[in-house]
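> Below is the sequence, then the predicted model.
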Amino acid sequence: MLCNGDESYPVTISGMRRFASASAGGQPQFQVHAKLPLDAPVVTAAADVLEAVTQGIRAYWGQATPDGAALDIAYQIAPTREGPPSPRRGLPALKLFQHIRSPEIPYYLGWLNYWSDAAARAIGFPAPARDSELLSRSRRTATGWLVQLTEAPLDLDDPAHLEALKQAYERFPEIGGRGVP
């Protein structure tokens, strides 16, 4: 959809129609993807960019994650030749998009997460007694929540980052369709 044309500092935004048969809840969806360089100005602005994009397209949910961690997330979802996904690093296996019961339920977690009010309700966020750590890195938006898992961009080679991601998956079993048999 958009590209800044600067090969030394590429920024692209693209979209993809997802048919009902391949989407959560059997509803067609339009997915928007942005590719940005991971430098200090982008890291500083990432939450604001995620908020602006998700608000602008009226998203149910969204996330921003560095490429290195995104590869591990892909292993949580992608089936193998032998059958189910084979997640790395002790992360949970997640259901394919079309097997998630509702489009409000996020497919997976990222470093920065946007959850619309509907998505937050679907996963049970916030529960102040249980979510104090996450709430310390979260902010309310006009239509939902921005939730940051770690201070710095998610790096799963950092044991503290990996543990934060695992704890978030444990806290929100609905994410990735794991909460429903």
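Yep, that arrived. Just so we're clear, the structure is a prediction, and the values are computed from it rather than from any experiment. Numbering: from 1, shown residues only.
> ok, now which ones touch Gly179?
By C-beta atoms under 8 Å, 6 or more residues apart in numbering, the contact list for Gly179 reads Pro173. (Each C-beta comes from the backbone N, C-alpha and C, glycine too.)
> Could you tell me how far it is located from Lys95?
Here Gly179 is placed at a distance of 10 Å from Lys95 (C-beta to C-beta, to the nearest Å).
> likewise Pro84?
According to C-beta to C-beta, Pro84 and Lys95 sit 10 Å apart.
> Not counting its own residues, what contacts stretch 122-133?
Here stretch 122-133 has contacts from 102, 104-106, 115, 120, 134-135, 138, 145, 147, 171-172, 174-175, using C-beta under 8 Å, 6+ apart.
> between those, which has the most around it?
Among the contacts of stretch 122-133, Trp115 has the most neighbours (other C-beta atoms under 10 Å), with 30 neighbours.
> And that residue, its phi and psi?
With angles defined as degrees, to the nearest 10, Trp115 sits at phi -120, psi 120.
> give me every residue that touches it.
Counting by C-beta under 8 Å, 6+ apart, Trp115 has contacts Trp61, Pro106, Ile123, Phe125, Gly144, Trp145, Val147.
> from those, which ones fall inside helices?
Among the contacts of Trp115, the members falling in helices (DSSP state H) are Ile123.
> from the contacts of Trp115, which is closest to Ile73?
Minimum distance to Ile73 across the contacts of Trp115 is 11.3 Å, recorded for Pro106 (C-beta to C-beta).
> Could you pull up the contacting residues of that closest one?
Tyr60, Trp61, Gln63, Asn113, Trp115, Ala119, Ile123, Ile175, Gly176.
> who wins for neighbours among these?
Trp115 (30 neighbours).
> Ala122 versus that residue, what's the distance?
Computed as C-beta to C-beta, the Trp115 to Ala122 distance reads 8 Å.
> if we can go back for a sec, redo the contacts of Trp115 as JSON lines? Include pLDDT and distance to Gly90.
What follows is the contacts of Trp115, written out as JSON lines (pLDDT from 0 to 100; distance: C-beta to C-beta, whole Å):
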{"residue": "Trp61", "pLDDT": "93", "distance to Gly90": "24"}
{"residue": "Pro106", "pLDDT": "94", "distance to Gly90": "20"}
{"residue": "Ile123", "pLDDT": "97", "distance to Gly90": "21"}
{"residue": "Phe125", "pLDDT": "98", "distance to Gly90": "23"}
{"residue": "Gly144", "pLDDT": "97", "distance to Gly90": "29"}
{"residue": "Trp145", "pLDDT": "98", "distance to Gly90": "26"}
{"residue": "Val147", "pLDDT": "97", "distance to Gly90": "21"}
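> Thanks a lot, see you next time.
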